[in-house]
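> Model the structure of this input:
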Amino acid sequence: MPATRTRRPFFASSSHLLTLAHRGARAYAPENTMPAFKKAFELFNVDGVELDVHMTLDRELVVHHDDDLLRCTNIAERFLPGERTDFNISDYLLDEIRSLDAGCRFVGEFLKAPGGKPARKPTSTS
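Have a look, this model is predicted:
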């Protein structure tokens with residue numbers, strides 16, 4: 001069990017080094033998902049999380065580390081071969097990205113979210 005630290009506002013003191021979880025606790029849950037962010041706080045008592053935000057074709061915001069969706073989602077399997085050849089977030093609508101499984105490449109308890117549903121990326125509307 002990690003030691004409990006007093007939470008301080010960001011930049012409140014130059015003597016306090018902030019501990020941020022890059023992409024959440026990605027060794028314990030699919031990176032840049034709400035379970036990964038929650039695990040970072042639960043397991044490591046971090047001050048915050050660092051995340052990357054990208055804009056979709058319909059100008060919605062999605063949390064995802066890479067510019068493309070290939071490494072961390074099932075996008076290659078989701079769309080038929082030849083149907084789509086691009087994997088950049090900016091080339092997809094939010095509903096298309098929401099249809100992807102962000103946990104398909106993760107091994108462990110978060111292979112599927114509770115209830116057997118695929119893990120999803122946080123968005124500006126979720």
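> okay, CA-based contacts and neighbour counts for the rest of this
Fine.
> right, and the helix or strand after the one helix or strand in the chain whose mean pLDDT sits lowest?
Lowest on mean pLDDT, DSSP states H and E among the helices and strands of the chain sits helix 75-78, with a mean of 86. Following helix 75-78 in sequence order, the next helix or strand is helix 94-98 (DSSP states H and E).
> Pull the contacting residues for the residue most central in space within the chain.
The structure's the chain has its C-alpha centroid closest to Asn32; by Cα atoms, centre = their mean the separation is 1.5 Å. Going by Cα atoms under 8 Å, 6 or more residues apart in numbering, Asn32 touches Arg23, Gly24, Arg26, Leu51, Val63, His64, His65, Lys121, Pro122.
> follow-up on the earlier one: name the surrounding residues that touch the least confident helix or strand of the chain.
With Cα under 8 Å, 6+ apart as the test, helix 75-78 has contacts from Leu69, Leu70, Phe87, Leu100, Asp101.
> and those, which are buried?
Leu69, Leu100, Asp101 (16 or more other Cα atoms under 10 Å).
> doesn't Asp91 make contact with the first one?
No: with contacts counted by Cα atoms under 8 Å, Leu69 stays clear of Asp91, the gap being 10.3 Å.
> The longest helix that the chain contains packs against which elements?
Criterion DSSP state H: the longest helix present in the chain is helix 34-44. Secondary-structure packing of helix 34-44 (3 or more Cα pairs under 8 Å, 6 or more residues apart in numbering; DSSP states H and E): strand 48-50.
> what about dumping the CA coordinates of the least confident helix or strand of the chain to PDB?
The C-alpha coordinates for helix 75-78 follow below in PDB (Å, rounded to 0.1, in the frame of the first residue of the first chain):
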ATOM      1  CA  ILE A  75      -9.100  -0.300 -35.700                       C
ATOM      2  CA  ALA A  76      -7.400  -2.600 -38.200                       C
ATOM      3  CA  GLU A  77      -9.900  -5.400 -37.400                       C
ATOM      4  CA  ARG A  78     -12.900  -3.000 -37.000                       C
END
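> For that helix, list every residue counted as buried.
For helix 75-78, the neighbour count (16+ other Cα under 10 Å) marks Ile75, Ala76 as buried.
> do stretch 17-36 as well
For stretch 17-36, by 16+ other Cα under 10 Å, it's 18, 20-26, 28-36.
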